[in-house]
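>>> Return a 3D structure for these sequence lines:
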Amino acid sequence: MTSNCFNNIRCAVIIIFSLFISELKSEIIKIDNVILKKDLVFTKYVPKDSVKYNNKIRVFQWDKIGEYLILIDNVRDEQHEWGVLNNYKNRNREAPVVKNYVRNEYNRVSDTLGTERYQSVPLYSLNDTITPEIYGKDGWPVVIIDTIGTFIYAHSINDGNDWLIPKRYIPRSSKMNMNKVIFVDRKNQNITTIEKDSGIWVVKSMNPATTGLKKPPYMSPTPLGIFVVQEKKQKMLYLKDGSTEIAGFSPYASRFTKGGYIHGIPVNYPSTEIKEYSPSLGTTPRSHMCVRNATSHAKFVYDWAKTFDTLVVVIE
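Numbering: from 1, shown residues only. Below you'll find the predicted structure:
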């Protein structure tokens, strides 16, 4: 079965890499059998590959990025039919409670892996369609293997397992090209966009970013994993914590999971003036799950990324 090649996120590849790093705009980075070429088309606020912050070195993790690109190349080459898990704001029905559930620090129901019930998708084992085993995250890409009654038999590249998933949670399928990937690094607080061109992965942008802060009950970390850009909003309205009052908007927002967006600098009402940059970018997490960027870089992502065909990979 084709799912065997996905069983480990590293695809059983032992990565032996060597990095050839300079400060040139155009540069070749070799990682095992993956070639990355730097050819930046967005050139504002570009950090060096290695920068010092609070006496610690922060880097672009080209080795880890290369591992994911190997995985993506493997699944691209097999031309699968893909689906994207979707339950934004429980629009496709609240997921049933899983077999073994807990209440997390937010006092919300989650599975034992920490995925919350709210805005998630129930994943059923192949021999039990009554009670789900775990929750799949909104925005996860899955390989569609077959349709069985009201379920889709699918393989998740995030956890390497096969699942039965109610059809309502996979509202569309496609032959994704996966030529564009956005990498968000929670540990190093940076973001890079990469595109496949003539057989080579090309780095299009590198920027500082700010990811989600774990601060219950309203702020949560940007989730790790592989997601798909699902929708875009030129202005993403956000609420004041704990209320239904609109507090402001974030420009050029690209949603990849639940309420997680890649967006520009937030604008708090009553101000309506777009802000370009914040000195907090590239420092410490301080967002509500989202990935905050310089506004011009968020617009670059907004214009460059194709919905349901661009991956977002969040790494640590």
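
>>> so what's residue 188 up against?
Counting by Cβ atoms under 8 Å, 6 or more residues apart in numbering, residue 188 touches 58, 59, 60, 61. (Glycine included, C-beta is placed from N, CA and C.)

>>> quick one: the first one from residue 190, how far?
Shown here: residue 58 relative to residue 190, a distance of 7 Å by Cβ to Cβ, to the nearest Å.

>>> the more surrounded of these two?
More crowded of residue 58 and residue 190, by other Cβ atoms under 10 Å: residue 190, with 24 against 21.

>>> Might one say that the more buried one is in contact with residue 60?
Yes - if you go by Cβ atoms under 8 Å, residue 190 and residue 60 touch, sitting 6.1 Å apart.

>>> what do those two both touch?
Residues touching both residue 190 and residue 60 by Cβ under 8 Å, 6+ apart: 47, 206.

>>> and residue 265, how far is that from residue 287?
For residue 265, the distance to residue 287 (Cβ to Cβ) stands at 11 Å.

>>> try residue 279
From residue 279 to residue 287 the distance is 15 Å (Cβ to Cβ).

>>> Those two: which has the busier surroundings?
residue 287 (22 against 7).

>>> Hmm, that one is touching residue 209, no?
No - using Cβ under 8 Å, residue 287 makes no contact with residue 209, being 9.1 Å away.

>>> part of a helix, is residue 301?
Yes - Residue 301 forms part of a helix when assessed by DSSP: H, G, I helix; E, B strand; the rest coil.

>>> wait, residue 81 sits on residue 170?
No - here residue 81 does not reach residue 170: they are 10.7 Å apart, not a contact under Cβ under 8 Å.

>>> list the residues that contact both of the two?
Listed as contacting both residue 81 and residue 170 by Cβ under 8 Å, 6+ apart are residue 144.

>>> Would you mind telling me which of these two has more residues around it?
More crowded of residue 81 and residue 170, by other Cβ under 10 Å: residue 170, with 21 against 13.

>>> pretty sure the more buried one is touching residue 152, no?
Yes - between residue 170 and residue 152 there is a contact at 5.4 Å, judged by Cβ under 8 Å.

>>> who touches both of the two?
Common contact partners of residue 170 and residue 152 (Cβ under 8 Å, 6+ apart): 83, 144.

>>> Can you spell out the domain ranges of the chain, please?
Here the domain assignment for the chain is 2-36+43-77, 82-174, 180-315, based on automatic domain parsing.

>>> And the average pLDDT for the longest one is what?
In this case it means domain 180-315. If you average the pLDDT over domain 180-315, you get 96.

>>> measure it end to end?
For domain 180-315, the separation between the terminal residues is 16 Å (Cα to Cα, to the nearest Å).

>>> Kindly report which residue of this structure is located farthest from the centre.
residue 270 (31.1 Å; Cα atoms, centre = their mean).

>>> Next, give phi and psi for that one.
phi -80, psi 0 (degrees, to the nearest 10).

>>> now swap in residue 62 and tell me
In terms of degrees, to the nearest 10, the main-chain angles of residue 62 are phi -60, psi -30.

>>> now it: how far from residue 50?
For residue 62, the distance to residue 50 equals 11 Å [Cβ to Cβ].

>>> Between those two, which has more neighbouring residues?
Taking neighbours as other Cβ under 10 Å, residue 62 and residue 50 compare with residue 62 leading, 22 against 11.

>>> which non-adjacent residue is nearest the more buried one?
Distances taken as Cβ to Cβ, 6 or more residues apart in numbering put residue 29 closest to residue 62, at 5.3 Å, once the chain neighbours are dropped.

>>> Could you report the separation of the one you found from residue 57?
Taking Cβ to Cβ, one finds residue 29 at 18 Å from residue 57.

>>> Those two: who's more crowded?
Neighbours were counted for residue 29 and for residue 57 using other Cβ under 10 Å; residue 29 has more, 23 against 9.

>>> a strand runs through the more buried one, doesn't it?
Yes - counting by three-state DSSP, residue 29 is part of a strand.

>>> For it, give the beta-bridge partners.
residue 36 (DSSP bridges).

>>> Make sure it is actually in contact with residue 60.
No - assessed by Cβ under 8 Å, residue 29 is found out of contact with residue 60, at 9.3 Å.

>>> Tell me where the stretch 151-300 of the chain has helices.
For the stretch 151-300 of the chain, the helices defined by DSSP state H, counting those that start in this stretch cover 295-304.
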